[in-house]
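Undergrad: got a predicted structure here, sequence first:
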Amino acid sequence: MGVGSVGSTLAPYDESNTYMSTDAGLTWTMVHEGPYLYEFGDSGSIIVVVDDEQVTDTILYSTDMGQTWYVLAISVFYIYIFAIQLKLFVPQECI
């Protein structure tokens, strides 16, 4: 994944879009209009993105390499998100 633009020069971050490649960068597909912060989890089987340019109460995630995106509410307030960190959670009853 990456944030960038199409053309002879790189556009400023806030004028860029979010792209994804599934062939090591040979081809790119726009997955979101606008720049999004992103993170891969579980060895790449989940992708989480969030608009880090404005306040939000949701994140978007995909479990099929960006083909389908789901909305997940994460807060009852609108917040700024500056980073995404994904951690494995194992319920105590599973240990």
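TA: Received it, and whenever you're ready, just let me know what you need. Numbers count the residues shown, from 1 in each chain.
Undergrad: show me what contacts residue 85?
TA: By C-beta atoms under 8 Å, 6 or more residues apart in numbering, the contact set of residue 85 is residue 39. Heads up, the C-betas are built off the backbone N, CA and C, glycines and all.
Undergrad: look up how far residue 5 lies from it.
TA: Using C-beta to C-beta, to the nearest Å, residue 85 is found at 27 Å from residue 5.
Undergrad: same check, this time on residue 68
TA: Residue 68 is 25 Å from residue 5, by C-beta to C-beta.
Undergrad: list the helices and strands the helix or strand residue 48 falls within packs on?
TA: Assessed by DSSP states H and E, residue 48 sits inside strand 46-50. Using 3 or more C-beta pairs under 8 Å, 6 or more residues apart in numbering; DSSP states H and E as the contact test, the elements touching strand 46-50 are strand 37-41, strand 58-62.
Undergrad: may I have the strands that pair with the last one, each with its orientation?
TA: This points to strand 58-62. Its sheet considered, strand 58-62 pairs with strand 46-50 (antiparallel), strand 70-73 (antiparallel) by DSSP bridges.
Undergrad: could you give the mean pLDDT of the first one?
TA: Averaged across strand 46-50, the pLDDT comes to 95.
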